[in-house]
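Asker: below are the sequence and a predicted model for it; my questions follow.
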Amino acid sequence: MRVLLDTAVLIFAAEATERLSKRAYAALRGMDDIREFSAVSLTEIAIKNTLGKLKMPAESVRQAMRDMLVRVLPFTAEHAYRLFELPLHHRDPFDRQIVAQALCEGIALVTPDERLKKYEGLKVIW
């Protein structure tokens, strides 16, 4: 199964695995799963790190992604166009972008954010 990891999931997996649900942990450890992390989420971590809201330097992110065999999913024009159709169930622009990606790609989103379950057609794993 192919899954998209929310920003918080990568951070939890790298720094506080006890915060992951059993289903999220299984998605991270499944040998047959293809784990992806949005370029948007990388941007979010970089911005929050620069603002001092998060202490996760680039090398820590790279190492976490290598350890979990995670690949980067680029944000494309197709993903951006999907944003025009998204209802405002969630106002965070980073979360809205990863929702658009998951919907366009037809993949599940691994996230602790319950509000994202409101998006029709989005499969949420937590």
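Answerer: Received the coordinates, thanks. Every value quoted in this text rests on a predicted model; they were computed, and no experiment measured them.
Asker: what residues are up against Thr111?
Answerer: Residues counted as contacts of Thr111 (C-beta atoms under 8 Å, 6 or more residues apart in numbering) are Asp6, Ala8, Val9, Val124, Ile125, Trp126. Glycine gets a C-beta too; all of them are placed from N, C-alpha and C.
Asker: just the CA trace of the lowest-mean-pLDDT helix or strand in the chain, in CSV.
Answerer: Sorting the helices and strands of the chain by mean pLDDT, DSSP states H and E puts helix 22-29 at the bottom, at a mean of 93. The C-alpha atoms that make up helix 22-29 are tabulated as CSV, following Å, rounded to 0.1, in the frame of the first residue of the first chain:
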residue,chain,number,x,y,z
LYS,A,22,-0.8,1.3,16.4
ARG,A,23,-2.2,1.7,12.8
ALA,A,24,0.2,4.5,12.1
TYR,A,25,3.2,2.6,13.4
ALA,A,26,2.2,-0.4,11.3
ALA,A,27,2.0,1.8,8.2
LEU,A,28,5.6,3.0,9.0
ARG,A,29,6.9,-0.5,9.5
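Asker: tell me the gap between that helix and the middle of its chain.
Answerer: Its chain's C-alpha centre and that of helix 22-29 lie 13 Å apart, by C-alpha atoms, centre = their mean, to the nearest Å.
Asker: which helices and strands sit right next to that helix?
Answerer: helix 7-15, strand 108-110, strand 124-125 (3 or more C-beta pairs under 8 Å, 6 or more residues apart in numbering; DSSP states H and E).
Asker: can you tell me which of these is most buried?
Answerer: Ranked by mean neighbour count under mean count of other C-beta atoms under 10 Å, the helices and strands packed on helix 22-29 are led by strand 108-110, which reaches a mean of 24.
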